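Got a predicted structure plus its sequence, pasted below:
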Amino acid sequence: MSLETSWKTRRVAALLLGGALACGDAGADATTDGASAGPGSAATGDLSTGGASTTSGEATSSTGGASASGTEASTGGSTTSTTGSAGETTEATAVETTAETTEAATTGGPYDFDDVAPLEDSPLDPGWSCAAFISGDDVWLRTAQDGQERFDARVGAGGAIAELRDIAGGYAPLLSPSFNDEATDRVIQWTWWAPSVTHPVDGLPEFEWRFNVTQGGTFDDLLAPIHWVTLDAAGCRVEVYASPRDQWKTEQQPHMQGTFAARTLYQVIGPGLIAIRRTLLVPPATLEGAPAPFAAVYLEGWTPMRRPTFDALALGLAPDGAPTWWYKAGQNLPTYPQIDVSTTSGFALVFNSVAPSDPVVGVLFGTRAPCRYVAGECVETGGHVLNSMEWNNGIGVLPGLHLTDVETGVVVETYMVLAPSRALMSGLPDQLYALAPTIPAPRLLEPGAALSPALAELVETLAELPAQQGTRTEHLGPLVSP
């Protein structure tokens with residue numbers, strides 16, 4: 001499956017559609033039993049040695065008053081939090097791309113990087129099938145093995161995964177319940193924190209003074225604008241084009257601004273896995289109307305799994321599927337340990353320690369450091385870490401990037417794979433250990449990088465989105481372009 005498909009027809013149709021549809025707010029007016037995640041305390045498990053057990057350590061679970069997205073955490077010397085959701089539509093200037101960028105590499109290579117990772121072209125394994133479809137007003141991906149439906153995922157606000165369900169288990173939900181009935185927090189998404197861009201606000205804890213834009217929207221459930229969606233039913237592929245632009249905390253919106261342009265691609269591969277490719281175009285940011293460079297950034301893959309469906313996190317498995325390196329929620333699951341992914345096997349897996357025959361979900365992020373492409377060469381930059389945390393009804397699996405001096409117009413791309421499975425069983429470890437090393441390194445493409453024609457056109461398309469209003473919705477069906 002290639003990205004060489006022309007974007008022009010989709011873009012024109014979708015921009016017209018985006019202008020015709022009204023913008024709508026989503027209100028959070030109900031509470032659930034999925035109350036808050038507090039910051040917790042330091043865990044006793046040592047993720048750097050691979051020798052932790054679940055029998056030691058004190059409980060770190062908290063049921064305090066903060067959303068899991070607003071939890072304070074240490075990220076290598078700066079205080080940060082994990083996701084966000086609400087705000088008014090704001091006008092933003094489109095990110096400019098140079099002619100050198102958008103016109104580059106139209107007559108041949110080599111390009112600065114491969115446009116399509118082999119991961120995206122991975123076929124389904126024998127016996128597996130999948131579907132991408134619209135049901136009602138929602139966009140879904142679904143997998144089946146030997147004709148039996150296994151798992152499905154709904155794509156929602158901002159292009160985040162809003163639901164992940166175990167079909168064979170009666171459509172049991174696998175993601176943590178919402179904090180306050182919002183559509184923007186307990187979803188699988190990216191979140192961008194810039195601890196170098198801060199504004200003190202009375203009534204907000206210090207870790208919420210920073211610039212924080214999240215894929216789905218804001219803490220108060222203002223959804224990120226979506227411009228259009230493409231759906232390849234036969235290829236089990238969904239793409240969402242959005243422009244997240246509101247600060248996670250509404251109180252910060254008058255003080256700091258920055259509108260991202262984002263393409264999120266979902267592709268079912270192998271034994272019913274969901275490969276996720278996220279492409280972000282970095283915007284100009286402002287603080288009190290003045291330019292605010294992103295001198296320091298933490299970009300996280302927020303992945304909130306349900307508890308007590310899952311009560312443990314494994315970073316290593318024996319050939320028969322038994323966990324060999326694992327932690328248990330409420331005992332020794334670490335809070336933001338900042339583990340270099342090169343010291344891991346490139347995946348983490350949530351499971352139920354008392355019911356190993358129940359479904360499990362792997363999160364694969366790879367073992368490679370971020371690359372900044374300079375003159376066609378990959379120069380390692382920043383850090384790629386695995387973080388984790390817990391709250392009363394969830395476990396966060398949180399791969400993240402620490403980046404510095406990220407300029408306006410830089411394209412940041414990350415890959416992740418969701419691997420739901422029926423149980424901890426033989427065969428699963430082989431799949432995870434084989435796939436994790438193939439996940440591409442996160443990459444930063446500078447303005448002027450030599451891009452293939454397809455990627456140059458994608459970047460040009462993304463650059464147009466911030467100036468468009470889009471539609472604030474979590475129901476993507478009406479936005480699927482012809």
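That came through fine.

Could you report the neighbour count for A233?
By other Cβ atoms under 10 Å, 12 other residues sit near A233. Yep, even glycine has a C-beta here, placed from its N, CA and C like the rest.

OK, contacts around it?
A131, A132, F133 (Cβ atoms under 8 Å, 6 or more residues apart in numbering).

same thing but 6 Å
A132 (Cβ atoms under 6 Å, 6 or more residues apart in numbering).

and if you look at the one 10 residues further on?
The contact partners of S243, by Cβ under 6 Å, 6+ apart, come to P225, T259, A261, L465, P466, G470.

try 8 Å
A92, A224, P225, H227, T259, F260, A261, A262, L465, P466, Q468, G470.

Export only the CA atoms of stretch 430-446, formatted as PDB.
Extracted in PDB, the C-alpha atoms of stretch 430-446 (Å, rounded to 0.1, in the frame of the first residue of the first chain):
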ATOM      1  CA  ASP A 430       7.500 -14.200  18.800                       C
ATOM      2  CA  GLN A 431       5.200 -11.700  17.100                       C
ATOM      3  CA  LEU A 432       6.100  -8.900  19.400                       C
ATOM      4  CA  TYR A 433       9.800  -9.500  19.500                       C
ATOM      5  CA  ALA A 434      10.000  -9.800  15.700                       C
ATOM      6  CA  LEU A 435       7.900  -6.700  15.000                       C
ATOM      7  CA  ALA A 436       9.200  -4.200  17.500                       C
ATOM      8  CA  PRO A 437      12.600  -3.700  16.000                       C
ATOM      9  CA  THR A 438      11.100  -3.000  12.600                       C
ATOM     10  CA  ILE A 439       9.200   0.100  13.800                       C
ATOM     11  CA  PRO A 440      10.800   3.200  12.200                       C
ATOM     12  CA  ALA A 441      12.600   5.700  14.300                       C
ATOM     13  CA  PRO A 442      10.600   8.800  15.100                       C
ATOM     14  CA  ARG A 443      11.800  11.500  12.700                       C
ATOM     15  CA  LEU A 444      12.000  15.200  12.300                       C
ATOM     16  CA  LEU A 445      12.100  16.600   8.700                       C
ATOM     17  CA  GLU A 446      13.400  20.100   8.500                       C
END
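
Export the contacts of S243 as CSV, with columns for neighbour count, distance to G400 and pLDDT.
Below are the contacts of S243 laid out as CSV (neighbours: other Cβ atoms under 10 Å; distance: Cβ to Cβ, whole Å; pLDDT from 0 to 100):
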residue, neighbour count, distance to G400, pLDDT
A92, 20, 25, 36
A224, 32, 20, 98
P225, 26, 25, 98
H227, 27, 26, 98
T259, 25, 22, 98
F260, 26, 16, 98
A261, 28, 21, 98
A262, 25, 17, 98
L465, 29, 24, 97
P466, 24, 24, 97
Q468, 20, 29, 96
G470, 27, 26, 97
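
now those as TSV including distance to H384 and secondary structure?
TSV is the format used below for the contacts of S243 (distance: Cβ to Cβ, whole Å; DSSP: H, G, I helix; E, B strand; the rest coil):
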residue	distance to H384	secondary structure
A92	29	coil
A224	25	coil
P225	29	strand
H227	29	strand
T259	26	coil
F260	20	coil
A261	23	strand
A262	20	strand
L465	27	helix
P466	27	helix
Q468	32	coil
G470	30	coil
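
could these be laid out in CSV, adding distance to L141?
Listed next are those as CSV, based on distance: Cβ to Cβ, whole Å:
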residue, distance to L141
A92, 30
A224, 20
P225, 22
H227, 20
T259, 28
F260, 24
A261, 23
A262, 18
L465, 23
P466, 27
Q468, 26
G470, 22
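
For E206, state which of these is nearest.
F260 (24.1 Å; Cβ to Cβ).

What backbone torsions are found at that closest one?
Torsion angles at F260 (phi, psi; degrees, to the nearest 10) stand at phi -80, psi 160.

Please give me every residue in contact with the closest residue to it other than its chain neighbours.
In this structure, F260 finds its nearest non-sequential neighbour in P244, 5.1 Å apart by Cβ to Cβ, 6 or more residues apart in numbering. Going by Cβ under 8 Å, 6+ apart, P244 touches G158, V213, T214, Q215, G216, G217, A224, P225, T259, F260, A262.

now this structure, which segments are flagged as low pLDDT?
The model of the chain has pLDDT under 70 over residues 1-117.

What ranges does it have for its helices?
8-20, 99-102, 428-435, 453-464 (DSSP state H).

on that earlier part again, for the contacts of P244, which two are the farthest from each other?
The widest separation within the contacts of P244 (Cβ to Cβ) is 15.1 Å, between G216 and T259.

end to end, how far does stretch 155-162 reach?
6 Å (Cα to Cα, to the nearest Å).

separation between G394 and T414?
22 Å (Cβ to Cβ, to the nearest Å).

and stretch 329-347, how far apart are its ends?
18 Å.

from the chain's centre, how far out does it sit?
Using Cα atoms, centre = their mean, to the nearest Å, the mean C-alpha position of stretch 329-347 is found 18 Å from that of the whole chain.
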